[in-house]
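[1] Predicted model and sequence follow; I will ask about them next.
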Amino acid sequence: MYLLKSSSKFSKKQIVLLSIPVFFSNIAIPLVGMVDTGLMGNLGETKYLAATSIATSVMTMIVWSFGFLRMGTVGIVSQAYGRSDYREIVKTLLRNFIIALAAAFIILIFTPLIKISIAHFFSTSNELSELINIYLNVRVFSIPAELVIYILVGFYLGIQKTKISSLLIVILSSLNIVFSSILVLTFDLNIFGVALGTLLASYITVSIFLIFTYNFIIKKFKIIPKFENLVVRSKILKLLSVNFDIFLRTIFLTFAFLWITYLGSKFGEDYLAVNTILLQFIILASFFLDAYAFSTEGLIGFTIGRRNQKSFFTVVKNSIQISFFTALIISIIYIIFFKDIINIITDIEILRFISFQHIFWVIIIPPIACFCYQLDGIFIGASQTKEIRNAMIISVVGYVGVSILLTRYLDNHGIWFSLLLFMIFRAITLQFYFKNILRKF
């Protein structure tokens, strides 16, 4: 925690230095999606891109629904780190491992129901359903590894070791890109190759970092991790409460993005494919901006653990300012390179044409969305999970309502206008609950 020892002011420079490793890891994540989209988008048939869009959207919704394993870990670990309570840090880590494996087992059991739900919800053709099922049959077995990775990332963010958490994600994403590219381009496995690439990358990465983390804890904390004496009623109830609130929040958030895929499917496969492409730009920007949110989570938790309100406000102010400035830079980059990137992603002319018509939304959303991203990080670091749950529910309900109305008059543009309003709703509702965090000081 060298940055925190050197100064208690939490300057913009310090936040940026903590965030730099996270930038690279967060860029790596959407790059996987962009590579997968590019691999499917250049096979000459829209069905591969459409099937990948639906399958990955559903799997993303399922996996991201357990994002509480990362976010809950960060909040509790960072506050325990501020109190120098290392044993509680290790116990939190182990308790969440158990929850992750139990959740993965439940998902595996309900895989047939997931397939039926997709076929009913999206009204897919037999050919499209077959491609989707091929992907799911492989990808679902990567979930245990992916959930454990969430926890490991949360652990390292919580103790301010952003370089390690970033290295984990970079290795995972790099392996994913390499395996998927080889399996699709060399072995011609199309959608099966994309899913298998994710599976292989997940298990190789989690094996490496579980061994590393075990040795790290022994060396740094002088504690041997053991699965014993973990059942403490108050601690379990707190962990379950935090996790469940974030679980509900993430369910609604991932549904919001799945809703985009659903609405796009109503306009045909071309618009479904285009929205998949455009979402990669939004996801790329969000993961990049989330670097500040991720590093802020640990800093906020640390200031609360130390009960230092002055440092808390400094982190809030500085992190929001640099996040907004970075969002403006991202939008400028999109203005310059949007068409070139689209031409690389797909060689299908109709998809290029429709994409070019939607450039406005790709440019304007990042500077607006950065506020809700940063507020998310602040609330997660403070473990104010009920507030982020309630804010998300209110925002999603409003978003779905306006999207139904706007798509009637603006067609596909209505989807993107609704997404912009969704980001605004999130920021407003979180700002309303902000005063609740101050009660911790």
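    Right, received. Where do you want to start?
[2] Run the chain-centre distance for stretch 251-269.
    16 Å (CA atoms, centre = their mean, to the nearest Å).
[3] What is the burial count for S11?
    Using other CB atoms under 10 Å, S11 has 13 neighbouring residues. All C-beta spots, glycine's among them, are computed from the backbone N, C-alpha and C.
[4] you'd agree it is up against V315?
    No - assessed by CB atoms under 8 Å, S11 is found out of contact with V315, at 9.8 Å.
[5] What segments of the chain are strands?
    Read by DSSP state E, the chain holds no strands at all.
[6] Mind pulling up the pLDDT for the most centrally placed residue in it?
    The chain has W64 as the residue nearest its centroid, 6.3 Å off, counting by CA atoms, centre = their mean. If you check W64, the pLDDT there is 75.
[7] Could you list which residues are in contact with the nearest residue to it once chain neighbours are set aside?
    In space, and not counting its chain neighbours, W64 is closest to T254: 4.5 Å by CB to CB, 6 or more residues apart in numbering. When contacts are counted by CB atoms under 8 Å, 6 or more residues apart in numbering, T254 touches T60, M61, I62, W64, S65.
[8] Could you rank these by neighbour count and give me the top one?
    Busiest of these [other CB under 10 Å] is I62, holding 22 neighbours.
[9] my read: it touches I106, true?
    No - look at I62 against I106 with CB under 8 Å: they stay out of range, at 10.7 Å.
[10] If I look at the nearest residue to S265 once chain neighbours are set aside, what pLDDT would I see?
    Take S265 and drop its neighbours on the chain: the residue closest to it by CB to CB, 6+ apart is L272, 4.9 Å away. In this model, L272 is scored at 85, pLDDT.
[11] Can you read off the pLDDT for I106?
    For I106, pLDDT reads 93.
[12] separation between it and D245?
    19 Å (CB to CB, to the nearest Å).
[13] More neighbours: which of the two?
    D245 (22 against 10).
[14] Now do the contacts for the nearest residue in space to the more buried one that is not next to it in sequence.
    Using CB to CB, 6+ apart and skipping residues adjacent in sequence, the residue nearest D245 is T385, 3.5 Å away. T385 makes contact with G72, G75, S241, V242, D245, I246, R249, F379, according to CB under 8 Å, 6+ apart.
[15] so where's this structure shaky on pLDDT?
    Across the chain, residues meeting the criterion (pLDDT under 70) sit at 1-9, 25-31, 33-34, 44, 231.
[16] picking that back up, neighbours of the residue nearest to S265, how many?
    Neighbour tally, L272, other CB under 10 Å: 24.
[17] I'd guessed it sits against G264; true?
    Yes - with contact defined as CB under 8 Å, L272 reaches G264; the gap is 4.4 Å.
[18] returning to that earlier point: list the contacts of the residue nearest to the centre of the chain.
    T250, L253, T254.
[19] what's the distance between the closest residue to the first one other than its chain neighbours and N343?
    In this structure, T250 finds its nearest non-sequential neighbour in G67, 4.6 Å apart by CB to CB, 6+ apart. When distance is defined by CB to CB, G67 is 33 Å away from N343.
[20] For stretch 120-133, measure first residue to last.
    One end of stretch 120-133 sits 13 Å from the other (CA to CA, to the nearest Å).
[21] And that stretch, what's buried?
    F122, T124, L128, S129, L131, I132, N133 (16 or more other CB atoms under 10 Å).
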